[in-house]
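**Q** Got a predicted structure plus its sequence, pasted below:
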Amino acid sequence: MIQKTPCMGTCPEYEMMIFENRRVVIEAKQHLPIKGKYKGELSEQTYEGLIEKFEESDFFEFEDRYTSNITDMPTTYLTYRSGDKAKKIMDYHGAPKALKDLENEVHGLIDQISWTEVKED
């Protein structure tokens, strides 16, 4: 899962979950091409490539939090589960390049997925 919080500018704000069956659900709140709840699906190749990138990054070795005294930055929360292990990382500022690359990889999926709006009753 990835979650991005707002900032005072035009930072995207959303929560997106990717499931093992390659289904993706997003709640897009602001500053994205879509707004509201949507669902989509990743190709098997895209999903497997994403998992590979998480594994190659040694995700479970990153710190749990990256923060600083700078103000008005968006916060990114990135969660990954593999087997019986799970980790959630908070990145406000100062994360290593390998983690930023993962965040950008997951965020980039927004423009690759064919989204279908989820109608609320």
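**A** On my side now, so go ahead. Numbering: from 1, shown residues only.

**Q** What about I89, how many residues nearby?
**A** 20 (other C-beta atoms under 10 Å). Glycine gets a C-beta too; all of them are placed from N, C-alpha and C.

**Q** can you list contacts of the helix or strand hosting it?
**A** Using DSSP states H and E, I89 sits in strand 85-91. Outside strand 85-91, the residues that touch it by C-beta atoms under 8 Å, 6 or more residues apart in numbering are 59-60, 62-67, 75-80, 95, 99-100, 103.

**Q** Show me which residues of that strand are buried.
**A** Along strand 85-91, these residues count as buried under the neighbour rule (16 or more other C-beta atoms under 10 Å): I89, M90, D91.

**Q** and if you look at stretch 41-49?
**A** E41, L42, T46, Y47.

**Q** model confidence over the helix or strand where the last one lies, on average?
**A** In this assignment (DSSP H and E), Y47 forms part of helix 44-56. The average of the pLDDT scores along helix 44-56 is 95.

**Q** quick one on the thing from earlier: list the strands paired with the strand holding I89, with their directions.
**A** strand 65-66 (parallel), strand 76-82 (antiparallel) (DSSP bridges).

**Q** of all those strands, which gets the most neighbours per residue?
**A** strand 76-82 (a mean of 17; mean count of other C-beta atoms under 10 Å).

**Q** Run the chain-centre distance for that strand.
**A** 7 Å (C-alpha atoms, centre = their mean, to the nearest Å).

**Q** relative to helix 44-56, how tilted is that strand?
**A** Orientation check (axes from the mean of the first three to the mean of the last three C-alpha atoms, to 10 degrees): strand 76-82 against helix 44-56 gives 100 degrees.

**Q** and for strand 76-82, what are the contacting residues?
**A** In contact with strand 76-82 (C-beta under 8 Å, 6+ apart) are residues 1-5, 51, 54-55, 59-60, 86-91, 99, 102-103, 106.
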